[in-house]
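> model this:
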Amino acid sequence: MNSKAKGNRNERRSMQLLEAAGYACSRSAASLGAFDIIGIGSRDIVLVQVKSNAWPGSVEMQVLRDFVVPPNGRKLVHRWRDRQRLPDVREL
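Numbering: from 1, shown residues only. The predicted structure is shown next:
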């Protein structure tokens, strides 16, 4: 499987998890923005960066940390490792 297909699959998997938790999700496919998924819940908004196998590098992580969100917003990184059923999650 090529890396683009793997990334798309993992983004869909992250969306399924968020939707199961009650979030309405939108995927920003092929965007050059900081986050891959926006999830809107009844109490908060989550912005999710999805990675396969590795955490974001230091420069990308700083961009994610510096991204301004509203008071009810959360920033997450989902790291999907090969053959794992659930992602490792980091809140920034």
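> which residues of the protein score low on pLDDT?
For the chain, applying pLDDT under 70 flags the ranges 1, 29-31.
> the strands in the protein, which residues?
24-27, 37-40, 45-52, 73-80, 88-91 (DSSP state E).
> Name the single longest helix found in this structure.
Counting by DSSP state H, the longest helix found in the chain is helix 3-20.
> Which elements pack onto it?
Applying 3 or more C-beta pairs under 8 Å, 6 or more residues apart in numbering; DSSP states H and E, one finds that helix 3-20 contacts strand 24-27, strand 37-40, strand 45-52, strand 73-80. Placement of C-beta: from N, CA and C, glycine included.
> thinking again about what came up before, can you say which of the strands of the chain is packed in most?
Mean neighbour counts were taken over those using mean count of other C-beta atoms under 10 Å, and the top value, a mean of 21, falls to strand 45-52.
> Does residue 61 touch residue 51 like I think?
No - contact criterion C-beta atoms under 8 Å: residue 61 and residue 51 do not qualify, at 10.5 Å.
> Touching both of those two, which residues are there?
residue 77 (C-beta atoms under 8 Å, 6 or more residues apart in numbering).
> list the contacts for the residue lying closest to residue 21 once chain neighbours are set aside?
With C-beta to C-beta, 6 or more residues apart in numbering as the criterion, residue 21 has its nearest non-adjacent residue at 7.5 Å, and that residue is residue 41. Listed by C-beta under 8 Å, 6+ apart, the contact set of residue 41 reads 21, 22, 23, 24.
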